[in-house]
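Enquirer: Predicted coordinates and the sequence they were generated for:
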Amino acid sequence: MAKSNDVVQNIMSRTVRTVEATQPLRVAVGRMAEYDIGSLVVMKNKVPIGIITETDIIKELAREPEKTLTSSCADLASKPLITTSPDMDIWDAFTVMLRNKMRRLPVMRDGILVGIITERDLFKWVIRVIYEPNLPNDIGKLIAQNP
């Protein structure tokens, strides 16, 4: 069973890559490739308004290949942005993601983007919970690594 101190801030990624709402999608694609990530939080006036994922981009490319890369990031972003707080219980965050069919969940504190929790973060946490206190060394090393 999960420990009572298992909250989102204990497993979230604190570096969140973003893109401005007015920037063309090609900027977002370039940034995702540069950082080897699958999503960007879309910002407008320093406020998160949505998220763009690789799946969103692929679907849009299939639908309108000529227009997609020049569209604004705001046009393609999934909105409204569903978020969580750093002190939310991980099981509750897991539930939010499952209910909303999300693979990434931005983390906000007092209106400021402070992190993101991903499927990978949850997967590593589940492995730790299942194996505690006898986490095999080889698995421990693998889940301790950054993506």
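Expert: Now that the structure is in, tell me what you want to look at. Residues are numbered from 1 along each chain as shown.

Enquirer: Residues touching stretch 91-98, excluding its own?
Expert: Contact with stretch 91-98 is made by 2, 6, 8, 82, 84, 102-103, 105, 117, 119, 122, as judged by CB atoms under 8 Å, 6 or more residues apart in numbering. Every residue, glycine included, has its C-beta placed from N, CA and C.

Enquirer: hmm, try it at 10 Å
Expert: Residues outside stretch 91-98 that contact it (CB atoms under 10 Å, 6 or more residues apart in numbering): 1-2, 6-8, 11-12, 82-85, 88-89, 102-105, 107, 117-119, 121-122, 125-126, 129.

Enquirer: Provide a PyMOL selection command restricted to the buried entries of those.
Expert: Here is the PyMOL command that selects the buried residues among the contacts of stretch 91-98 (16 or more other CB atoms under 10 Å):
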select buried, resi 6+7+8+11+12+82+83+84+88+102+103+104+105+107+117+118+121+122+125
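
Enquirer: Give me the subset of the contacts of stretch 91-98 lying in helices.
Expert: 119, 121-122, 125-126, 129 (DSSP state H).

Enquirer: okay, among the residues you listed, which ones form the most distant pair?
Expert: Glu119 and Val129 (15.4 Å; CB to CB).

Enquirer: what about Phe123, how many residues close to it?
Expert: Residues near Phe123, counting by other CB atoms under 10 Å, number 11.

Enquirer: for Leu98, same thing?
Expert: Residues within reach of Leu98, counting by other CB under 10 Å, total 10.

Enquirer: With Thr95 instead?
Expert: By the criterion of other CB under 10 Å, Thr95 has 12 neighbours.

Enquirer: Quick check: it vs Ile82, distance?
Expert: 12 Å (CB to CB, to the nearest Å).

Enquirer: now do Ser71
Expert: Distance of Ser71 to Ile82, given as CB to CB: 22 Å.

Enquirer: how about the residue nearest to Val114 when sequence neighbours are not counted, what does it touch?
Expert: Closest residue to Val114 apart from its sequence neighbours, by CB to CB, 6 or more residues apart in numbering: Val107 at 5.4 Å. When contacts are counted by CB under 10 Å, 6+ apart, Val107 touches 8-9, 12-14, 16, 83-88, 93, 113-117.
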